[in-house]
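Chemist: Compute the structure for the input listed below.
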Amino acid sequence: MAKAGKRIKALRSKVDSLKQHTLEDACKIATETANAKFDETIEIAVNLGVDPTKAEQNVRGSVALPHGLGKTIRVAVFAKGDKAKEAEAAGADFVGGEDLVERIKGGFLDFDSVVATPDMMAQVGKVGKLLGPRGLMPSPKVGTVTFDVGATIKSVKAGRAEFRVEKTGIIQAPIGKASFGPKKIFENALAIVQAVQKAKPSTSKGVYLKSAAVSASMGPGIAVDVAPYR
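Modeler: Numbering: from 1, shown residues only. Predicted coordinates for the structure are as follows:
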């Protein structure tokens, strides 16, 4: 295992790994310890008491973050006719049907989110094996399969965060940039936690929100006390 650098060691020394912090304090510590030479992304990881191998416990959703993500979101849209024109007018970066399918099959994946009208899902299915593993497959659960493409594109570009439980039972999601400051990061984090709580499957038994941590992209994880959100 590679040894931690001096910077990481110094950051870890400032964080009590055994202490659970309030979500607000964790966000404050994460932003204050983000000292890389670039504007680090702040992320939240939530460990859920679910079994992702069961379809009914495959937690997935999206939420409009109060302060966005601090990055340009590139949106690809599967649509035709008037809906394609609506997508272009709303600021979609790439719009198409079979032509977009062929581009993706050829290795084109230069986008961050995918929106599709319901009648185009047969086309999307042709590249599902390429989009799915990257978390790009559009889904009605997160509102990215819709005929209301204009409003959806604007929402995604404004900073709507999608979340999806991984095989390990953990959800990881960005909650903004360190330059946002503690207050905005906390408000974004709170929006994610509340959305994940609302997405709790009815078949989930026992403790659902098990644990959570906030971290900068180049910093240590700060444990969060999730009891207040259960």
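Chemist: okay, CA-based contacts and neighbour counts for the rest of this
Modeler: Will do.
Chemist: Need phi/psi at the closest residue to residue 214 other than its chain neighbours.
Modeler: In space, and not counting its chain neighbours, residue 214 is closest to residue 44: 4.5 Å by C-alpha to C-alpha, 6 or more residues apart in numbering. Note on residue 44: its backbone torsions stand at phi -120, psi 140 [degrees, to the nearest 10].
Chemist: which residues touch residue 44?
Modeler: 172, 173, 174, 175, 189, 212, 213, 214, 215 (C-alpha atoms under 8 Å, 6 or more residues apart in numbering).
Chemist: and the residues you listed as CSV, adding neighbour count?
Modeler: As requested, the contacts of residue 44 are exported to CSV (neighbours: other C-alpha atoms under 10 Å):
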residue, neighbour count
172, 19
173, 18
174, 24
175, 32
189, 25
212, 22
213, 23
214, 31
215, 25
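Chemist: domains of this structure?
Modeler: As assigned by automatic domain parsing, the chain contains the domains 16-59+165-229, 75-158.
Chemist: May I see those domains organised as CSV, with mean pLDDT and distance to residue 67 added?
Modeler: Shown next, in CSV, are the domains of the chain (pLDDT from 0 to 100; distance: least, C-alpha to C-alpha, whole Å):
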stretch, mean pLDDT, distance to residue 67
domain 16-59+165-229, 93, 6
domain 75-158, 95, 9
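Chemist: Can you lay out the ones you listed as TSV showing distance to residue 65?
Modeler: Shown next, in TSV, are the domains of the chain (distance: least, C-alpha to C-alpha, whole Å):
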stretch	distance to residue 65
domain 16-59+165-229	5
domain 75-158	8
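Chemist: Can you say which of those is nearest to residue 69?
Modeler: The closest of the domains of the chain to residue 69 is domain 16-59+165-229. By C-alpha to C-alpha, the value is 4.4 Å.
Chemist: chain center to the closest one: distance?
Modeler: 11 Å (C-alpha atoms, centre = their mean, to the nearest Å).
Chemist: show me the contacts for the nearest residue to residue 113 once chain neighbours are set aside.
Modeler: With C-alpha to C-alpha, 6+ apart as the measure, residue 75 is the residue that lies nearest to residue 113, at 4.9 Å, once sequence neighbours are left out. By C-alpha under 8 Å, 6+ apart, the contact set of residue 75 is 92, 93, 94, 111, 112, 113, 114, 115, 153, 156, 157.
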